[in-house]
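1. Sharing a sequence plus its predicted fold:
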Amino acid sequence: SVVFFPSSVLFLELWKFKMGDEDDIIYEGPCYKQGEIVKNWKRRWMVLRKDGAIYYYPISKSNKYAMDGYKGKIDGFLDVCQGETTDLLTNWPRDAPQSCRFSLPAQNRTFHIYCDSASECIEWTEHLNSVCFSNQ
């Protein structure tokens, strides 16, 4: 009989097939995302893929993101809003200065996200803008 261990090569290949290859990743890193129903802020590992979708994962203590699948997906966003334009969109935490935050308006919801630093926010918004405009 065949014994299947989660750490086996077969599991990793299945994971890549299910989630996409690492070659599809444009940018990734930790961010804070506001919940849809409960408006609290959760730290998530976010992965931007070539198709313009952002997959987000709970951050575990041992991995960048959990191997059991993504927590959610952001796709179909229409724009990338930054700085002052985000002030009136939601109640941002005090530790989220304008230079560290951005919003992604989509058809049914606007996603609010902030980064640990202004430089990380710039990286995210540059990559998001390049994907947003290249997929139109």
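-> Great, that's in hand.
2. from here on, contacts and neighbour counts on C-alpha atoms
-> Fine.
3. Let me see the contact set for the residue minimising distance to the centre of the chain.
-> Centroid check for the chain by CA atoms, centre = their mean gives Met46 as the closest residue, at 2.9 Å. Neighbouring residues of Met46 by CA atoms under 8 Å, 6 or more residues apart in numbering: Glu28, Gly29, Pro30, Cys31, Ile54, Tyr55, Tyr56, Tyr57.
4. Next, give phi and psi for it.
-> phi -110, psi 140 (degrees, to the nearest 10).
5. what does the one 3 residues further on give?
-> Note on Arg49: backbone dihedrals following degrees, to the nearest 10 are phi -110, psi 170.
6. Retrieve the pLDDT associated with it.
-> Turning to Arg49, the model gives it a pLDDT of 92.
7. these two touch, right, it and Lys73?
-> No - the pair Arg49 and Lys73 fails to qualify as a contact (CA atoms under 8 Å) at a distance of 10.8 Å.
8. Which of those two has more residues huddled nearby?
-> Using other CA atoms under 10 Å, the more surrounded residue of Arg49 and Lys73 is Arg49, with 20 against 14.
9. any shared contact partners between Arg49 and Lys73?
-> Joint contacts of Arg49 and Lys73 (CA under 8 Å, 6+ apart) are Tyr55.
10. thinking again about what came up before, restricted to buried residues, select the contacts of Met46 in PyMOL.
-> Buried residues among these (16 or more other CA atoms under 10 Å), as a PyMOL selection:
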select buried, resi 28+30+31+54+55+56+57
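11. Just put the contacts of Met46 in TSV and tack on distance to Ser119.
-> Output for the contacts of Met46, formatted as TSV (distance: CA to CA, whole Å):
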residue	distance to Ser119
Glu28	14
Gly29	12
Pro30	13
Cys31	12
Ile54	19
Tyr55	21
Tyr56	20
Tyr57	22
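12. could the contacts of Met46 go into JSON lines alongside pLDDT, distance to Trp41 and secondary structure?
-> Formatted as JSON lines, the contacts of Met46 follow (pLDDT from 0 to 100; distance: CA to CA, whole Å; DSSP: H, G, I helix; E, B strand; the rest coil):
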{"residue": "Glu28", "pLDDT": "93", "distance to Trp41": "18", "secondary structure": "strand"}
{"residue": "Gly29", "pLDDT": "93", "distance to Trp41": "16", "secondary structure": "strand"}
{"residue": "Pro30", "pLDDT": "93", "distance to Trp41": "13", "secondary structure": "strand"}
{"residue": "Cys31", "pLDDT": "95", "distance to Trp41": "10", "secondary structure": "strand"}
{"residue": "Ile54", "pLDDT": "93", "distance to Trp41": "17", "secondary structure": "strand"}
{"residue": "Tyr55", "pLDDT": "92", "distance to Trp41": "17", "secondary structure": "strand"}
{"residue": "Tyr56", "pLDDT": "92", "distance to Trp41": "13", "secondary structure": "strand"}
{"residue": "Tyr57", "pLDDT": "89", "distance to Trp41": "14", "secondary structure": "strand"}
